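Colleague: Dropping the sequence and predicted coords here.
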Amino acid sequence: MSRGKTWQAAARRVIKQYPRLHEELRDLQRMSVTPKLTGMPGGGGAGRATEDAALRQLPPEEQAAHDAVEHALRMTELFRTAAKRRRLVELVYWRQTHTVYGAGVEIGVSEETAKRWNADFLLCVAGYLRART
């Protein structure tokens with residue numbers, strides 16, 4: 001891999017990790033909806049369980065990776081073609097069932113358009129990651 005393409009490899013790796021990271025973050029922030037039935041008295045003092053759950057995060061590097069993809073997804077939603085762009089990302093990176101070209105065929109866009117949309121998403125993720133470090 002040439003030195004100039006390492007940012008693309010890093011962005012691809014982060015995008016592929018996103019579903020796992022998103023699930024882990026959701027699990028961290030999930031609250032129990034059932035009461036504790038131990039028969040023992042609860043801890044004293046005011047509890048802020050909701051705020052505590054909302055503030056839980058992944059380790060810093062993983063949180064930055066998750067946030068970079070979240071940011072890119074929010075930016076993608078600004079395009080008129082957002083649904084097709086998101087589908088391309090899903091097929092290529094999350095399901096890993098298609099190449100960029102194959103995903104373009106699947107969603108009904110040209111190879112050049114699929115490549116451009118892929119490059120746009122990679123740039124957005126990489127740019128956010130670079131800004132965070």
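Modeller: Yes, it's here. Residues are numbered from 1 along each chain as shown.

Colleague: State the next helix or strand along the chain beyond the lowest-mean-pLDDT helix or strand in the chain.
Modeller: When each helix and strand of the chain is scored by mean pLDDT, DSSP states H and E, helix 49-55 comes last, with a mean of 49. The first helix or strand that comes after helix 49-55 along the chain, using DSSP states H and E, is helix 60-76.

Colleague: Identify each buried residue in that following helix, please.
Modeller: 62, 64-73, 75-76 (16 or more other CB atoms under 10 Å). For every residue, glycine as well, the C-beta is placed using N, CA and C.

Colleague: ok, so of the residues you listed, who is nearest Val105?
Modeller: Thr76 (19.9 Å; CB to CB).

Colleague: surely Phe79 meets Arg85?
Modeller: Yes - look at Phe79 against Arg85 with CB atoms under 8 Å: they come within range, at 6.1 Å.

Colleague: other SSEs contacting the longest helix along the chain?
Modeller: Identified as the longest helix of the chain according to DSSP state H is helix 6-29. Applying 3 or more CB pairs under 8 Å, 6 or more residues apart in numbering; DSSP states H and E, we find helix 6-29 packed against helix 49-55, helix 60-76, helix 111-132.

Colleague: How about residues contacting it?
Modeller: 1, 53-54, 56-58, 62-63, 65-66, 68-69, 72, 89, 93-94, 96, 121-123, 125-126, 129-130 (CB atoms under 8 Å, 6 or more residues apart in numbering).

Colleague: Distance from the chain centre to that helix, please.
Modeller: 5 Å (CA atoms, centre = their mean, to the nearest Å).

Colleague: swap in stretch 100-108?
Modeller: 21 Å.

Colleague: thinking Ile107 is in contact with Arg86, fair?
Modeller: No - taking contacts as CB under 8 Å, Ile107 lies outside contact range of Arg86: 9.7 Å.

Colleague: circling back: neighbour count winner among Phe79 and Arg85?
Modeller: The neighbour comparison of Phe79 against Arg85 (other CB atoms under 10 Å) goes to Arg85, with 24 against 13.

Colleague: quick one, what contacts the more buried one?
Modeller: 76, 79, 117, 120-121.

Colleague: Many thanks, we can stop here.
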